[in-house]
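In: Provided below are the primary sequence and the corresponding predicted coordinates.
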Amino acid sequence: MCKTIIPNNQTIQMYAWIITVFLSVLFLSSCDNSLSSLDADDQSLYDIQNDDISTTTTPSAKTEENPDNVHLTDAFHFLEPVSKGKESTVQPDKSLLDLLTVTVCYEGLESCDSSDQMTSESNGRERLKLNNDGVYMTVWQPSGNQNRRGNQSSEFRLKVDIAGLIIADHLKETNNRGQANRAWPVRFLIENDPKIRVRALTERGYSSSEIAEVLLAEFNLEPYETAKLLANDLDPFNANQIAKALKDVYEQTADETAYILKRIDFDVYQITEALDLIYKIAEGPIAAALDFAGFTVYEITSALDKVLELAEDTIAAALKFADFTANQVVSAFDKVLKLAEGPIAKALKFAKYTVYDITGAFDKILDLHEKHIAKALKFADFTIDQITSALDEVLKLGEGYIAAALKFADFSVEDIAEVLHNVLDLVEQDITNALKFAEFTTKQISKALHDVLDLSERKIAKLLKTAGFAVDEIAKGLHEALDNLSNSDVAEALRDAGFPVDEIVTGLRFGINIGQGAIAEALRVAGFTANQITGGLSTALTISDEAIAGALRYAGYGVNTIANALRNTLNLDGEEVAEILNNLGYTADQIADVLKNVFNWSADKITDFLGSVLDLGESAIESALEFAGFAASEISDAIGDFFDDAGDFLCKIFC
């Protein structure tokens, strides 16, 4: 937006300086400020007839090699005899005398191999002058060397430049070759022209703001036009200087200045520096201005990093201020700053992007696995509740995948169990299933269920069984995770979980690594019968019947109970049981009692077994039968019969 300028003291001083320069030029040409001031010979030069000179004046094409130093403007007019330009102009520029150079090329016209130059410092009639009408005048006299070489070309090339900026470039053709060696008057007018004005004021050391004030006041130029002229001068102003002019003279905002500077081909780094130094605004408004100018988030990120040397969290905050999305910022930080996902998440959190925004960006832009997303979010100090909620709501993950991701992020099993319960509102079985999916051990899961959800070992065992853990894994987990849990407590938990006795035996043996005796004892304390224990030991373990009996004895069962279990469960007969009991060190009395009361053997049969198999004497057998509860007559008959038979047998041998 343009504004009406009321000249300030500085502007008035500048205009006064220009007037002073103009007056000094007039003084230098006070004796030659009109055609009548020329001497007779010079005057005659201006009286050459028109038919001696071609009316064709051909502008030379602008050189492609260096077009920036050429400005062939309509504001320049060659006058007769060079061209039939207009003799007057509404606004002639009379301030340029000391900056102008007239060059005449007479050999190698395209490259200007041989030339003469005339300026206000030249001597004699070649000195460039200015009359009261604003006409610049000089005289070109071909050199003697040119004439002696016989080079009487019918054309020559005229160039006029102001402090290096070529504003006229004409190829002059003559009809009369005889005129080629005579003096040529060169006359021209220059109208006020903004590009010429910038070149002149720049050469004289004016600042960008001072020049902008002149362009606005004199030519009513828009901000973009002024900025472009300042940037394209032969001694161009930089982005900082142009930004200052736009701010001071045109009252442009940071956004407007950034937009203009980009249009005139300043890069994001130059514009960032200008906004920082000239507008002195924070990084957020700078990012917003660069966005307004049309720079990408990648370019802005790079500029904030390289020019302002900002930390990534500050860059993220600036980009958020400029309304860039989390997706855009994540992409820029990945591609431009080459950051890993953890620092990216931390920077975005600092910038107050939500955990949902960051999670979505990591998923869509970086295509991260949920485990790496969870780990990055934890690195950024998001809570487990926040991460769980994001994984659930943004990624739509099941609880098992969430638990696995949280585990990968190094959250404890207790924290995970708690968040599954509190945030996802899962029931105990679903929590157990999720923890198993995440490959936590039964020990870890048992401890979490006990410590977080306050569950008993029996409830835990049932949950673990339903989750698909093997009995030995459950036994091991319960035993290792829960303090002061006895073997029998484990057996009871497994029983209540629905495991049969043989599987419980397996769990106790291979889960907590105890022998058959301790197993039998644990099962007995847990309420299992001797028969159940015997069946379980026999099915689950590859051990002998005698070892089973020994385990029952270790568990504290009486001999009769043991015998009953061996008979009922293992289908052993009395003699097999009696031999096992004998091998285990039970007495003849105990064996006789078992044979009578468990197997219903008679006194005769027991006496025969004790005497024949165990090789006991008469008194030992009599004592055993008495212990078993036989009557005296039964004992006497049995012993009498056994030993009489034995005597008869011996008599037959020896008598």
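Out: Sure thing, it's come through.
In: Spit out the contact partners of the closest residue to Lys364 other than its chain neighbours.
Out: Of all residues not flanking Lys364 in the chain, Asn327 sits nearest, at 6.2 Å (Cβ to Cβ, 6 or more residues apart in numbering). Heads up, the C-betas are built off the backbone N, CA and C, glycines and all. By Cβ atoms under 8 Å, 6 or more residues apart in numbering, the contact list for Asn327 reads Gly360, Ala361, Lys364, Ile365.
In: and which of the residues you listed is nearest to Gln429?
Out: Gly360 (30.9 Å; Cβ to Cβ).
In: Please pick the buried ones from the contacts of Asn327.
Out: Gly360, Ala361, Ile365 (16 or more other Cβ atoms under 10 Å).
In: Now do the residue nearest to Lys364 against Asp334, distance only.
Out: 11 Å (Cβ to Cβ, to the nearest Å).
In: For these two, list the residues in contact with both.
Out: Ile365.
In: next helix or strand past the strand ranked longest in the chain?
Out: Longest strand of the chain, by residue count under DSSP state E: strand 165-174. Using DSSP states H and E, the helix or strand that follows strand 165-174 in sequence is strand 184-190.
In: could you dump the helix or strand containing Lys244 to PDB, C-alpha only?
Out: Element membership for Lys244, per DSSP H and E: helix 239-248. In PDB, the C-alpha atoms belonging to helix 239-248 read as follows (Å, rounded to 0.1, in the frame of the first residue of the first chain):
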ATOM      1  CA  ALA A 239      17.400  -7.900   1.300                       C
ATOM      2  CA  ASN A 240      18.000  -6.100   4.500                       C
ATOM      3  CA  GLN A 241      18.300  -2.700   2.900                       C
ATOM      4  CA  ILE A 242      15.200  -3.200   0.700                       C
ATOM      5  CA  ALA A 243      13.300  -4.500   3.700                       C
ATOM      6  CA  LYS A 244      14.200  -1.300   5.600                       C
ATOM      7  CA  ALA A 245      12.900   0.800   2.700                       C
ATOM      8  CA  LEU A 246       9.700  -1.100   2.500                       C
ATOM      9  CA  LYS A 247       9.200  -0.800   6.300                       C
ATOM     10  CA  ASP A 248      10.200   2.800   6.700                       C
END
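In: any idea of the angle the helix or strand following that helix forms with helix 239-248?
Out: Per DSSP H and E, the first helix or strand lying C-terminal to helix 239-248 is helix 254-263. Relative orientation of helix 254-263 and helix 239-248, computed by axes from the mean of the first three to the mean of the last three Cα atoms, to 10 degrees: 140 degrees.
In: Tell me the first helix or strand C-terminal of helix 254-263.
Out: helix 268-274.
In: pretty sure Asp604 is touching Ala638, no?
Out: Yes - at 4.6 Å, Asp604 and Ala638 qualify as touching, with contact defined as Cβ atoms under 8 Å.
In: Name the residue in these two with the higher neighbour count.
Out: Ala638 (23 against 15; other Cβ atoms under 10 Å).
In: Which pLDDT does the model give the more buried one?
Out: Ala638 is assigned 93 on the pLDDT scale.
In: quick one: Lys476 and Leu508 touch, right?
Out: No - if you go by Cβ under 8 Å, Lys476 and Leu508 don't touch, sitting 10.0 Å apart.
In: between the two, who's got more neighbours?
Out: More crowded of Lys476 and Leu508, by other Cβ under 10 Å: Leu508, with 31 against 23.
In: The more buried one and Ala565, how far apart?
Out: As judged by Cβ to Cβ, Leu508 and Ala565 stand 18 Å apart.
In: and the angle from the helix or strand Thr202 falls within to strand 165-174?
Out: Here Thr202, judged by DSSP H and E, is contained in helix 194-203. Here helix 194-203 points in a direction 120 degrees away from that of strand 165-174 (the same axes, to 10 degrees).
In: Can you tell me what sits against helix 194-203?
Out: Contacts of helix 194-203 with the rest of the structure, by Cβ under 8 Å, 6+ apart, involve 71, 73, 75, 93, 95-96, 99, 162-165, 167, 190, 210-211, 214-215, 218-219, 221, 225, 229-230, 232-235, 237.
In: Return the helix or strand in the protein with minimum mean pLDDT.
Out: strand 53-59 (a mean of 33; mean pLDDT, DSSP states H and E).
In: next SSE after that strand?
Out: Per DSSP H and E, the first helix or strand lying C-terminal to strand 53-59 is strand 76-78.
In: on that earlier part again, in a markdown table, list the buried ones among the contacts of Asn327 along with secondary structure and distance to Ala434.
Out: As requested, the buried ones among the contacts of Asn327 are exported to a markdown table (DSSP: H, G, I helix; E, B strand; the rest coil; distance: Cβ to Cβ, whole Å):
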| residue | secondary structure | distance to Ala434 |
| --- | --- | --- |
| Gly360 | helix | 23 |
| Ala361 | helix | 26 |
| Ile365 | coil | 28 |
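In: and which of the residues you listed is nearest to Leu625?
Out: Ranked by distance to Leu625 (Cβ to Cβ), the buried ones among the contacts of Asn327 are led by Gly360 at 90.1 Å.
In: wait, what's in contact with the closest residue to that closest one other than its chain neighbours?
Out: Spatial nearest neighbour of Gly360, chain neighbours left out: Val394 (5.1 Å); criterion: Cβ to Cβ, 6+ apart. Residues near Val394 by Cβ under 8 Å, 6+ apart: Tyr356, Thr359, Gly360, Asp363.
In: can you pick the most crowded of those?
Out: Neighbour-wise, the contacts of Val394 (other Cβ under 10 Å) top out at Thr359, 27 neighbours.
In: Could you double-check that that residue sits in contact with Lys396?
Out: No - counting by Cβ under 8 Å, Thr359 does not reach Lys396; the two are 11.1 Å apart.
In: which stretches of the stretch 551-655 of the chain have low pLDDT?
Out: Within the stretch 551-655 of the chain, the stretches with pLDDT under 70 are 645-655.
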